[in-house]
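Novice: Okay, sequence plus prediction incoming.
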Amino acid sequence: MHCWPSLVLSALLVALGLLLLWLHLHRPVCYGKHELQQRHDEERKDGAGADRAEKPPPPRRACLPARYAWFLQELPALLVPALLLALRSPPRLAPLGCRLLVGMFCGHYFHRTFIYPFLIRGRPFPLKLLVSGVLFCIFNGFLQGYHMIYCAEYPDDWCNDIRFTSGTVLFLFGMGINIHSDSLLRQLRKPGEQTYKIPQGGLFAYVSGANYFGEILEWFGYAIATWSLPALSFALFTLCCIGPRAYHHHRYYLRKFTSYPRSRKALIPFIF
Ligand SMILES: NC(=O)c1ccc[n+]([C@@H]2O[C@H](COP(=O)([O-])OP(=O)(O)OC[C@H]3O[C@@H](n4cnc5c(N)ncnc54)[C@H](OP(=O)(O)O)[C@@H]3O)[C@@H](O)[C@H]2O)c1
């Protein structure tokens, strides 16, 4: 099987990440708190909104409840590699590449598709972003799946290699931080509440984007453990995509809460 598609698609993924970084460094992706902030800024400009009620207004764009949106958006990242594996003829589950794909990549997306959306208490999610999320998950699911199923070859003792062990530890550590931080965010709200509060506990003591920091570690861990170009491209893409979001969350908190801890960084503890 030719492996050039995974090279081309990896380059495309990095290019897409750099484009998003450039687009969103100055203007955050407009969902959650940034959608609300944009509304408030517009209202202030128009001289309206002085008597705004404490309860956030409903979104103006076509939206879906957050849990359905996250479920639909993340599902293809799980389905596409699973389909590629199922359709592979002759079937190929035993090689290490396939087991890494199922255990790490699909493990993450199993949680993101079947657990995370059913716990979330977020604002409705814009349909337009959902469609781009679905397309991205199809693309990336195909790239990672195709590479691990058809291209990746590992020596028999790869599981003893320092790249595999350190990458796996980093992946699990990042996933732990990501899941824990997302759960700390959820606990900030009572059922039905939609206001924003200062995140506390865990890695939030050091950074405003603790969940994003965890996710970035996770995908760099996956890239090291699999030592593959598509996985490295995805890790870089993730950094470019959610790095700016952490930065904008940080600025939002500093603007909104006068008591926000000044020593807290945006994304990387003690550094940035
Ligand atoms: N790999 C990638 O490229 C990628 C891209 C995007 C997201 N992700 C992952 O997907 C997950 C969700 O991302 P996200 O951008 O939606 O995260 P987020 O903006 O931090 O929001 C996560 C949830 O917490 C709520 N929340 C956030 N800050 C809060 C606060 N201060 N007070 C109360 N509730 C708060 C949000 O509610 P609202 O919806 O009401 O704001 C939402 O339900 C993260 O784990 C992230 O790492 C990964």
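Specialist: The structure has been received and is ready for your questions.
Novice: Quickly note the distance from the most far-flung residue of the chain relative to its centre to Q187.
Specialist: The centre of the chain is farthest from one residue, G47, which by Cα atoms, centre = their mean lies 36.0 Å away. If you measure G47 against Q187 using Cβ to Cβ, to the nearest Å, the figure is 37 Å. For every residue, glycine as well, the C-beta is placed using N, CA and C.
Novice: Also E215?
Specialist: Note on E215: its distance to Q187, by Cβ to Cβ, is 19 Å.
Novice: which of those two has more neighbours?
Specialist: Neighbours were counted for E215 and for Q187 using other Cβ atoms under 10 Å; E215 has more, 26 against 12.
Novice: quick one: contacts for that one?
Specialist: 174, 178, 238, 242 (Cβ atoms under 8 Å, 6 or more residues apart in numbering).
Novice: I'd assumed the third one was in a helix, is it?
Specialist: Yes. Assessed with DSSP: H, G, I helix; E, B strand; the rest coil, T238 lies in a helix.
Novice: residue contacts, L100?
Specialist: Each residue near L100 by Cβ under 8 Å, 6+ apart is listed here: 148, 152, 225-226.
Novice: Hmm, A66 is touching R123, no?
Specialist: Yes. In this structure, A66 is within contact of R123 by Cβ atoms under 8 Å, at 6.5 Å.
Novice: Spell out the residue ranges of the strands in the chain.
Specialist: Using DSSP state E, the strands of the chain run over residues 63-64, 125-126.
Novice: I'd like to know which helix or strand in this protein has the lowest mean pLDDT.
Specialist: Ranked by mean pLDDT, DSSP states H and E, the weakest helix or strand in the chain is helix 33-46, scoring a mean of 84.
Novice: before we move on, back to that, return the member of the contacts of L100 nearest to Y252.
Specialist: Ranked by distance to Y252 (Cβ to Cβ), those are led by A225 at 33.9 Å.
Novice: isn't that closest one right up against D161?
Specialist: No. Using Cβ under 8 Å, A225 is not in contact with D161, being 9.2 Å away.
Novice: neighbours of the nearest residue to L96 once chain neighbours are set aside, just the number please.
Specialist: Leaving aside its chain neighbours, L96 sits nearest to Y154 (4.5 Å; criterion: Cβ to Cβ, 6 or more residues apart in numbering). Residues within reach of Y154, counting by other Cβ under 10 Å, total 17.
Novice: Relative to W4, how far out is Y154?
Specialist: Distance, Y154 to W4, by Cβ to Cβ: 20 Å.
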